[in-house]
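My questions concern the predicted model and sequence given below.
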Amino acid sequence: ESFFKGLESKYKVEMKLEPMRTEVAAVGPAKGPEGAPVTIVEFSDFECPFCARLIPTLDQVKAKYGDKVRLVFRQFPLGMHANAQKAAEASLCANDQGKFWEMHDSMFKNQQQLAVDALKAKATELGLNAEAFNTCLDSGKYASKVSEDMEAGTAAGVSGTPALFINGRFINGAVPLEQITEVIDDELQRKGV
């Protein structure tokens, strides 16, 4: 997209091409209203350092755009991260008790503490019902849900994390805020918001 923007400014032309979009279901824990004009679907891994680096950027996006943006979190634990699968499941077990985002933030703040015992300790610290959380995590209740998210991500072209789809427009990696806001502003303009 930056290539086309460079051409537009250099030659004073206006590009009318519709950006490439990939349909990705916006299912999963979310912040923001369902009817928001912009939906960001994030595929992420709790053990990925680049995913942790993207969090402040996404927080800035939510602060700037408020209810114009809905952020949906989908699981994409990478095989190279030993604790990522169980961390993904733990976030969904926490979601059962209405504490997905609290668990999300806690895990990303301390990515070295993602072994099962540490996840159970985090749940207790967050005030979750420990027995219900531990049963959920130990049973693998959400292993298939995590697999479904990974399959959806892979089908959409995700091969690493973080990966964002902003109204279907793919952005790969922990990119600067400006790159994300440029796409959001364009999407809002296209929708007349």
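Arrived safely, thanks for sending. These figures come from a predicted structure and were not determined experimentally.

and whichever helix in the chain runs longest, what does it pack onto?
Ranked by residue count, the top helix of the chain under DSSP state H comes out as helix 49-65. Judged by 3 or more CB pairs under 8 Å, 6 or more residues apart in numbering; DSSP states H and E, the packing partners of helix 49-65 are strand 38-44, strand 69-75, helix 100-109, helix 177-190. Every C-beta, even on glycine, is put in place using the N, C-alpha and C of the backbone.

would you list these in CSV and tack on mean pLDDT, mean neighbour count and distance to residue 55?
As requested, these are exported to CSV (pLDDT from 0 to 100; neighbours: other CB atoms under 10 Å; distance: least, CB to CB, whole Å):
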stretch, mean pLDDT, mean neighbour count, distance to residue 55
strand 38-44, 98, 25, 9
strand 69-75, 98, 23, 11
helix 100-109, 98, 19, 6
helix 177-190, 97, 16, 12
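
Which of the ones you listed sits closest to residue 53?
Closest approach to residue 53 among these is made by helix 100-109 (9.6 Å; CB to CB).

By average pLDDT, which secondary structure element in the chain comes out worst?
Across the helices and strands of the chain, the lowest-confidence element by mean pLDDT, DSSP states H and E is helix 2-11, at a mean of 69.

Moving C-terminal from it, which element do we reach first?
Sequence-wise, the next helix or strand downstream of helix 2-11 (DSSP states H and E) is strand 30-31.

Distance from the chain centre to that following strand, please.
10 Å (CA atoms, centre = their mean, to the nearest Å).

and if you look at stretch 58-70?
13 Å.

Now tell me what touches that stretch from outside.
For stretch 58-70, contacts defined as CB atoms under 8 Å, 6 or more residues apart in numbering pick out 26, 30-34, 36-40, 42, 71, 177, 180-181, 184, 188, 193.

let's go with 6 Å and repeat that
By CB atoms under 6 Å, 6 or more residues apart in numbering, the list of residues contacting stretch 58-70 from outside reads 30, 32-33, 36-39, 177, 180.

For that stretch, list every residue counted as buried.
Residues of stretch 58-70 classed as buried under the neighbour-count rule (16 or more other CB atoms under 10 Å) are 58, 61-62, 65, 68-70.

do stretch 83-93 as well
Residues of stretch 83-93 classed as buried by neighbour count (16+ other CB under 10 Å): 83-93.

quick revisit: could you point out which of the contacts of stretch 58-70 is nearest to residue 139?
Of all these, residue 30 has the smallest distance to residue 139: 24.7 Å, by CB to CB.

that older thread, between all of the contacts of stretch 58-70, which two are separated the most?
Using CB to CB, the two most remote members of those are 33 and 177, lying 21.9 Å apart.

Just want the most central residue of this protein.
When CA atoms, centre = their mean is applied to the chain, the residue found nearest the centroid is residue 42 (2.5 Å).
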